[in-house]
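> Return a 3D structure for these sequence lines:
(one chain, ligands or ions: 1)
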Amino acid sequence: MKKHYSIAIDGPSGAGKSSLARRVASALGFIYVDTGAIYRTVGLACYRAGISCKNAEAVAQILPRLNIQMRFNAAGEQRMYLDEEDVSSRIRMPEISICASDVSTLPVVRSYLLDMQRRMARDNNVIMDGRDIGTVVLPDADLKIFMTASSAARAQRRLLELQAKGVRANFEDVFRDIEYRDQQDSTRASAPMRAAEDAVVLDTTNLNLEESYRLLCRTIKEKLGVQPVG
Ligand code: DC
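Residues are numbered from 1 along each chain as shown. From the prediction side, this is the model:
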C-alpha cells in the first residue's frame, strides 16, 4: 500500500520553484523540502573553511566532519543548521549561490546528500525542489514538474528578492551569476539539471507569481486529482 505522496519540482534558479512549492505544500498539508538549501550549507561550510568549492579532495575531507541539519520549525518552515548555528539567511548570499553550484558538481557531495533527501520523502508527503529530484533523488515521484523561465526574467526576479532583503545588487551581476549556474548545473557530469522524461514542463516567463501558482495547482489537480486549498 502506498504510504506517502511526493511531488518533484526541478528547474533553474529564479523560475519560481521555491515560492510556489512552499505555498502549494502548505495548501496540500505536505512538507516542502528545499534541497538547494542543503547544497548551499555545504557550500557555506567550504567557504568558511577557506577551501575551494571545486576541489574534490579537500571537500571530501571535510564532509564527514560537517554537522549539517535540516529542521522544521513550528510553522513548518525548513531551517538549515551548520554546527548548531541557524544559517538559513546566510546561505542566501550571492557568493554562497556560486559555492553551492560549485560543490554540487562533485559526485562525493551528491552521494553524501542523497540519503538525507530520500529519507524525507520516505517518512512524509513532500514537495521537493531542486535540480535532479525527478531524475535521481525521487525517480518514482507521483508528479514531476520542470519549471523554467527565460534567464532575463529569472535574473529580474532574483534581483528584486535580493533588494527586498536589503542586499546591494545590480542586474548585470545577478544575470551573470544565473548564467554561470545554469551552465554549470546543466552540463556537469553528475546528475545534471534536466527535465525527467515524464515531467510536465511549466514555463513561467510571462506569468506573475499568482498566475504561476494557479497553473501549478491546475497541473496537480489534473495529474494527481487533488486540489490544493489556499
Ligand atoms: O535551488 P538553489 O538555487 O538554492 O540551489 C543552489 C545550487 O545547488 C544550484 O546552483 C545547484 C545545486 N543544487 C543541485 O545541484 N541539486 C539540487 N537538487 C538542488 C540544488
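> what does the chain have sitting close to the ligand?
Residues of the chain found near the ligand (CB under 6 Å from any ligand atom) are 13, 35-36, 39-40, 97, 100-101, 104, 130-133, 181, 185. Placement of C-beta: from N, CA and C, glycine included.
> so where do the strands sit in this structure?
Secondary structure of the chain (DSSP state E): strands at 6-10, 31-34, 68-72, 78-82, 85-86, 126-130, 143-148, 200-203.
> Need the max-distance pair from the residues of the chain next to the ligand.
S97 and I133 (18.6 Å; CB to CB).
> So if I had to pick from these two, which one is more boxed in?
I133 (31 against 22; other CB atoms under 10 Å).
> which residues touch that one?
A8, I9, D10, T35, Q117, A141, K144 (CB atoms under 8 Å, 6 or more residues apart in numbering).
> Let's see that with 10 Å instead.
6-11, 17, 33, 35, 117, 121, 126-127, 139, 141, 144-146, 191, 196, 199 (CB atoms under 10 Å, 6 or more residues apart in numbering).
> Repeat that for L106.
So L106 contacts V42, C53, K54, N55, A56, E57, V59, A60, L63, Y112, R188, S190 (CB under 10 Å, 6+ apart).
> Nearest residue to the fifth one in space, ignoring adjacent ones along the chain?
Nearest residue to A56, sequence neighbours excluded (CB to CB, 6 or more residues apart in numbering): L106, at 5.1 Å.
> I'd like the distance between that neighbour and D182.
18 Å (CB to CB, to the nearest Å).
> dump the residue contacts of T135.
8, 10, 141, 144, 146, 191-197, 199.
> how about 6 Å then?
A196 (CB atoms under 6 Å, 6 or more residues apart in numbering).
> So for it, what's the pLDDT?
pLDDT for T135: 98.
> ok, now K2?
For K2, pLDDT reads 61.
> Nearest to L224, out of the strands of the chain?
strand 143-148 (5.6 Å).
> Run through who's touching the closest one.
Applying CB under 6 Å, 6+ apart, the contact partners of strand 143-148 are 7-11, 15, 17, 134, 195-196, 198-203, 223-224.
> Any of those residues buried? List them.
7-11, 15, 17, 134, 195-196, 199-200, 202-203 (16 or more other CB atoms under 10 Å).
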